[in-house]
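Asker: Dropping the sequence and predicted coords here.
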Amino acid sequence: MPEVLVCDPIADEGLEILKRATNVTVKTGLKEAELVQEAPKYDALMVRSQTKITRPVIEATHKLQVVGRAGVGVDNIDLPAATERGIIVVNSPAGNTVAVAELTLGMMLALVRRLVPASSSMTQGEWKRSQFTGNQLYGKTLGVIGTGRIGTEVIKRAHSFGMKVLGYDPFLTTARATQLNIEATTTEEILRRSDFITLHVPLTKENKHLINADAIAMMRDGAYIINCSRGGIVDEQALYEALTAGKLGGAGLDVYENEPPKDSPLLQLDNVVLTPHLGASTEEAQVEVAVDVAQQIVDVFSGRPPQSAVNLPPLPAETREFIGPFLPLMEKLGRLQAQVADGRIESVTLSYCGELNDYDTSALTRVFLKGLLQPSFDQVVTYVNAPILAEQRGVAVTETKCHKSEDYANLIETRVTRNDDSHQRVRQVDGTIFNERDPHIVGIQGLRVDVIPQGTLLIIPNTDKPGMIGSVGTILGSAGVNIVGMQVGRRNVGERAVMVISLEEPAPPEVLKQLDAQPDLFGARQVDLR
Ligand code: NAD
């Protein structure tokens, strides 16, 4: 039987699953040097967040096949080292979903029924019934920003309270919104129309202070905001000001910009419900993550694919040799498509033309999806889990093949269809490699360009007429933004063209606004491919 070392305390239910199929040893609190000695005896290691599976530990092993992390984050495991050795790393991204969703609903109820002040008034010997008249959730509008795993569970529970639900997520398809019985809309609409707003998004560069003073100003007077996702998504200073000025009715927070939020003025308010990052802290969630990961370890030993592997298993040698050079291109195309438009992604179509036609291109599709999804997720999106994440969100992914490309030995056309409130749009970006390894973007919306996908790119659809390049150059130049290169894709004078400008460093938001205000320029998009 395979030997498994459990390095951190995990729920008994997880141990039981392991014991049925493997020999289990539990040794907790091992330091790196001790693990280097111990780990080579095992086929699997299982950890929570305390034990660190470092490169020296991995490199000391000879027969290790799988490392299981009972939880979401895998920062304590050296993923590249594991991948190089072909060791699968599995985690449990969904084990605490229900726990966080229930806390969110708990916060909403606590806020509208004023449970915390009412309870502390009673423990002080008071009986003030009229002072604590509350409101109902029934009939109110809930805005869910981020309709991934936790957002989805919140939506289901909000329906049982009779709430109307609005949702936004870049991966919320129309079909999925219908299935969830919610109205898919934009973040702005959610801010304007909701009585309660709940956030279930990762903390990415773009989501930092997603709820800032401007966003709060758009919200209804007296609305409530709940953040059980990550500190930093709400600007706490702006929130404090809105709560003290009476703009907002209250806030429920489980996560903070600094944890613990020692000197935060929010701690002094009575229209808040605050918990110390307890979202995942239920006994059931601990059991669920342990069972989930133990089952995946057993699956690996029985030759079944694990549900939630986070690293890259090696490709077959022949395929790797031919398609390997296209992998960096695909990731860049995915990242570019993620940034080139707004709206909810409905579907992805990738067409592989030329010699690529003879190979299994699914690895290229996976890497494209990784690039497309990663900016919206804080769990590690990999070659392995990217298609699963897309499928879970109902994004249809189609691969097509064509025998020949007229101009290139190989061409990959990527089309991403997005929906927003008013219409559906398709963005097409095409790429190929030159010299058998250098990635190039060779088409945007069917217009031919030749751009190296690196650094910061400014993509500006425009009318093809004299003076366009000059006006863009002047705006960038007067703002001190240095142009490194420029390409224009066009067909005929007077028709739609596209400029692609490589910048030395990103242009500030005011410059993008200035470009947007120009006639005949149609929405400049800045794309970060650094
Ligand atoms: P998930 O990956 O399933 O869903 C996140 C969703 O957010 C994705 O669908 C993504 O497309 C969407 N998104 C990203 N940026 C967005 C934006 N600007 N607007 C709208 N949608 C956006 O993740 P999940 O498991 O549902 O977790 C959600 C959050 O909860 C994460 O930040 C996670 O770290 C946090 N979390 C907190 C606790 C806690 O203890 N409080 C526990 C678990 C998870």
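Answerer: In hand now; what should we look at?

Asker: which residue does this structure bring closest to the ligand?
Answerer: Proximity of the chain to the ligand (CB to the nearest ligand atom) peaks at Gly148, 1.9 Å away. All C-beta spots, glycine's among them, are computed from the backbone N, C-alpha and C.

Asker: so, in contact with the ligand or not, stretch 305-312?
Answerer: No. On the criterion CB under 6 Å from any ligand atom, stretch 305-312 is out of touch with the ligand, staying 11.8 Å away.

Asker: in that stretch, what counts as buried?
Answerer: Using 16 or more other CB atoms under 10 Å as the burial criterion, the residues of stretch 305-312 that qualify are Pro306, Gln307, Ser308, Ala309, Val310, Asn311, Leu312.

Asker: for the fifth one, what are its contacts?
Answerer: By CB atoms under 8 Å, 6 or more residues apart in numbering, the residues touching Val310 are Val74, Leu79, Val89, Val90, Asn91, Gln379, Val380, Thr382, Val384, Asn385.

Asker: same check, this time on the second one
Answerer: Counting by CB under 8 Å, 6+ apart, Gln307 touches Val90, Asp292, Gln295, Gln296, Asp299.

Asker: ok, back up a step: and the buried residues of stretch 305-312, which is the shakiest by pLDDT?
Answerer: Lowest pLDDT within the buried residues of stretch 305-312 is found at Leu312 (57).

Asker: Is Ile433 in a helix, a strand, or coil?
Answerer: Of the three states, Ile433 takes strand according to DSSP: H, G, I helix; E, B strand; the rest coil.

Asker: Please tell me how far the residue nearest to the spatial centre of the chain sits from Glu399.
Answerer: The geometric centre of the chain, computed from its C-alpha atoms, lies nearest to Phe377 (CA atoms, centre = their mean), at 1.3 Å. Phe377 sits 22 Å away from Glu399, going by CB to CB, to the nearest Å.

Asker: and the residue nearest to the centre of the chain, what pLDDT?
Answerer: Phe377 is given a pLDDT of 86.

Asker: Let me see the ranges of the helices in the stretch 51-200 of the chain.
Answerer: Ranges of helices within the stretch 51-200 of the chain are 55-60, 79-84, 97-112, 115-123, 149-160, 174-180, 187-193, based on DSSP state H, counting those that start in this stretch.

Asker: for the stretch 201-350 of the chain, that is, sorry about that
Answerer: Under DSSP H, counting those that start in this stretch, the stretch 201-350 of the chain gives helices at 213-218, 236-244, 283-301, 317-323, 327-339.

Asker: okay if I get those helices as CSV plus mean neighbour count?
Answerer: Shown next, in CSV, are the helices of the stretch 201-350 of the chain (neighbours: other CB atoms under 10 Å):
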stretch, mean neighbour count
helix 213-218, 15
helix 236-244, 18
helix 283-301, 21
helix 317-323, 13
helix 327-339, 22
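
Asker: Of all those helices, which one is nearest Arg69?
Answerer: The minimum distance between Arg69 and those falls on helix 283-301, with 6.7 Å, by CB to CB.

Asker: so what secondary structure elements neighbour that closest one?
Answerer: Here helix 283-301 touches helix 12-21, strand 44-47, strand 66-69, strand 88-90, helix 97-112, going by 3 or more CB pairs under 8 Å, 6 or more residues apart in numbering; DSSP states H and E.

Asker: For the second one, which outside residues touch it?
Answerer: Counting by CB under 8 Å, 6+ apart, strand 44-47 makes contact with 2-8, 10, 14, 18, 22, 39, 53, 64-70, 76-77, 293-294, 297, 300-301, all of which sit outside it.

Asker: Alongside the ligand, which residues does this protein contribute?
Answerer: Residues of the chain lying near the ligand (CB under 6 Å from any ligand atom): 96-97, 100, 145-146, 148-151, 168-171, 187, 200-202, 207, 210, 228-230, 254-255, 277, 279-280, 376-379.

Asker: Now with 5 Å, please.
Answerer: Residues of the chain lying close to the ligand (CB under 5 Å from any ligand atom) are 96, 100, 145-146, 148-150, 169, 171, 200-202, 207, 228-230, 254, 279-280, 376-377.

Asker: returning to that earlier point: point out the most buried one among the helices and strands packed on helix 283-301.
Answerer: strand 66-69 (a mean of 29; mean count of other CB atoms under 10 Å).

Asker: How far off centre is it?
Answerer: 22 Å (CA atoms, centre = their mean, to the nearest Å).

Asker: Now do it: everything it contacts.
Answerer: 43-49, 53, 76-77, 82, 87-92, 293-294, 296-297, 300-301, 306.

Asker: got any ranges where this protein has weak pLDDT?
Answerer: 312-317, 379-380, 405, 421 (pLDDT under 70).

Asker: Run through the residues that contact the closest residue in space to Asp360 that isn't next to it in sequence.
Answerer: Once flanking residues are discounted, Asp360 sits nearest to Thr319: 5.7 Å by CB to CB, 6 or more residues apart in numbering. Residues near Thr319 by CB under 8 Å, 6+ apart: Tyr359, Asp360, Ala363.

Asker: Just among the residues you listed, which is most surrounded?
Answerer: Tallying neighbours with other CB atoms under 10 Å puts Ala363 at the head of the contacts of Thr319, with 20 neighbours.

Asker: Roughly how far does the residue nearest to Asp360 sit from Ser347?
Answerer: Counting by CB to CB, the gap from Thr319 to Ser347 is 26 Å.

Asker: Distance to Ser130 for the contacts of Val310 - can I get that in TSV?
Answerer: Putting the contacts of Val310 into TSV (distance: CB to CB, whole Å) gives the following:
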residue	distance to Ser130
Val74	52
Leu79	58
Val89	57
Val90	55
Asn91	50
Gln379	47
Val380	52
Thr382	57
Val384	58
Asn385	53
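
Asker: Which single one of those is nearest to Val488?
Answerer: Using CB to CB, Thr382 comes nearest to Val488 of the contacts of Val310, at 36.6 Å.

Asker: Reduced to three states, what does that closest one come out as?
Answerer: Under three-state DSSP, Thr382 comes out as coil.

Asker: Let me know the distance separating Val100 from Cys228.
Answerer: As for Val100, its distance to Cys228 is 5 Å (criterion: CB to CB).

Asker: got any residues that touch both of the two?
Answerer: In contact with both Val100 and Cys228: Ile150, His200, Asp254, Gly279, using CB under 8 Å, 6+ apart.

Asker: who wins for most neighbours among these?
Answerer: His200 leads the shared contacts of Val100 and Cys228 on contacts (other CB under 10 Å) with 28 neighbours.

Asker: Surely that one touches Gly151?
Answerer: Yes. Using CB atoms under 8 Å, His200 is in contact with Gly151, at 3.8 Å.

Asker: tell me the contacts of Leu458?
Answerer: Met499, Val500, Ile501, Leu503, Ala507, Ala524, Arg525, Gln526, Val527.

Asker: Could you give the backbone dihedrals for it?
Answerer: Note on Leu458: backbone dihedrals following degrees, to the nearest 10 are phi -110, psi 120.

Asker: from now on call the first residue 597
Answerer: All set: I'll call the first residue 597, so the last point we hit is now Leu1054.

Asker: So the residue lying closest to it once chain neighbours are set aside: helix, strand or coil?
Answerer: Nearest residue to Leu1054, sequence neighbours excluded (CB to CB, 6+ apart): Ile1097, at 4.3 Å. Three-state assignment for Ile1097 (three-state DSSP): strand.
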